[in-house]
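K.L.:
Kindly return the folded structure for what I paste below:
(one chain, ligands or ions: 1)
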Amino acid sequence: MTTHEHYLANKRYFEEYAEYQGRYSAEPRFSDRKLIEIVRRRGGGDARRIVDLGCSTGNLLRHLRAAFPGAALLGIDRDANALAFAEKSNRDLGIEFRTADVLDVQLDTKADVVVLNAVSFYFNEADFRRLFAAVAGNLRPGGLVVSFDWHHKYDHQSITMNETSKGHPDGVTYHIRPQRAVTDVLTTAGFADVRFDDFELPVDLPDTEPDAEIVSRTETTVSGKRLCFRGVFFQPWCHVSAIAGPERA
Ligand SMILES: C[S@@+](CC[C@H](N)C(=O)[O-])C[C@H]1O[C@@H](n2cnc3c(N)ncnc32)[C@H](O)[C@@H]1O
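P.N.:
Down below sits the predicted model:
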């Protein structure tokens with residue numbers, strides 16, 4: 001079983017995730033706001049077609065709809081359960097949803113913008129490369145990719161972590177990557193102008209009770225920087241964005 005298959009197999013976790021997403025259906029998460037701001041800043045404001053890979057219940061797409069009312073929106077996920085929920089909760093917003101593996105996806109019309117939110121940390125090295133090759137193949141030249149993920153500044157430290165928790169008793173594997181390695185993968189896939197925007201939550205999140213499900217929490221450093229943790233693990237959240245190069249033969 002691959003990592004994301006473990007994730008898919010865990011229906012109880014999905015229900016909790018849908019409940020978590022539901023809390024942000026009216027107001028976007030801070031990270032979603034920042035993602036939308038980066039799409040605008042990097043020239044995606046006039047996008048005609050925006051695709052969200054690994055869209056789950058479609059929460060981000062809901063906010064993309066409000067931010068880009070003229071764009072065609074497509075959400076793709078392998079989890080049919082999540083997509084059924086997404087279709088029901090985003091009815092009448094003109095968003096298309098499709099069940100597919102993001103590694104194999106081939107769009108009929110290339111996108112102007114592709115976004116991924118907390119998706120690529122599931123992928124091992126080979127699949128991470130396949131993922132961004134697939135993204136590049138589905139973007140028009142000059143198109144924009146923005147991905148929110150765990151990428152840090154230490155060039156030679158790559159971490160593969162297996163986490164068991166209440167939500168995932170059988171374990172889920174995550175990959176935490178250096179920004180430099182991510183830049184190499186994106187450049188190899190044909191992207192240019194790769195940029196990283198570190199993400200800092202603007203609010204304090206309380207500590208998790210020792211016997212509770214692991215959720216995000218914050219710790220503030222002496223310099224006032226708010227660091228995001230998941231249990232004992234520091235999450236180097238950031239948005240990576242890049243521009244697709246010319247089409248490859
Ligand atoms: C942590 S959730 C993030 C969901 C959503 N992007 C958000 O903003 O909350 C990761 C999502 O990626 C999807 N996913 C993981 N691997 C996938 C794959 N190979 N193809 C399609 N979807 C995948 C999962 O089904 C899940 O819905």
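
K.L.:
how about the closest residue to residue 55 other than its chain neighbours, secondary structure?
P.N.:
Nearest residue to residue 55 in three dimensions, chain neighbours excluded: residue 75, at 3.3 Å (CB to CB, 6 or more residues apart in numbering). C-beta here means a position set from N, CA and C on the backbone, and glycine is covered the same way. Assigned by DSSP: H, G, I helix; E, B strand; the rest coil, the conformation of residue 75 is strand.

K.L.:
got a list of what residue 75 touches?
P.N.:
Shown in contact with residue 75 (CB atoms under 8 Å, 6 or more residues apart in numbering): 51, 52, 55, 58, 61, 83, 86, 95, 96, 97, 98.

K.L.:
Name all residues that make contact with the fourth one.
P.N.:
The one in question is residue 58. By CB under 8 Å, 6+ apart, the contact set of residue 58 is 52, 75, 83, 85, 86, 87, 89, 90, 95, 97.

K.L.:
The ligand versus the second one, what's the distance?
P.N.:
Okay, so that is residue 75. In this view, residue 75 and the ligand are 9 Å apart by CB to the nearest ligand atom, to the nearest Å.

K.L.:
Quickly find the element holding residue 108.
P.N.:
For residue 108, there is no helix or strand it lies in under DSSP states H and E.

K.L.:
check contacts around the residue nearest to the spatial centre of the chain.
P.N.:
In the chain, the centroid-proximal residue (CA atoms, centre = their mean) is residue 117; its distance is 1.4 Å. The contact partners of residue 117, taken as CB under 8 Å, 6+ apart, are 31, 32, 35, 52, 54, 60, 147, 148.

K.L.:
State the phi and psi torsions of the fifth one.
P.N.:
Note on residue 54: backbone dihedrals following degrees, to the nearest 10 are phi 80, psi 50.

K.L.:
quick one: it and residue 102 touch, right?
P.N.:
Yes. Contact criterion CB atoms under 8 Å: residue 54 and residue 102 qualify, at 6.0 Å.

K.L.:
what do those two both touch?
P.N.:
Shared contacts of residue 54 and residue 102, defined by CB under 8 Å, 6+ apart, are found at 76, 77, 116, 119.

K.L.:
Torsion angles phi and psi at residue 136?
P.N.:
Note on residue 136: its backbone torsions stand at phi -60, psi -40 [degrees, to the nearest 10].

K.L.:
now it: how far from the ligand?
P.N.:
Distance from residue 136 to the ligand, by CB to the nearest ligand atom: 16 Å.

K.L.:
Isn't that residue up against residue 189?
P.N.:
Yes. Taking contacts as CB under 8 Å, residue 136 lies within contact range of residue 189: 4.4 Å.

K.L.:
Does residue 175 lie in a helix or a strand, and which?
P.N.:
Applying DSSP H and E, one finds residue 175 within strand 172-178.

K.L.:
Average pLDDT for that strand, rounded please.
P.N.:
The average of the pLDDT scores along strand 172-178 is 97.

K.L.:
No more questions from me, cheers.
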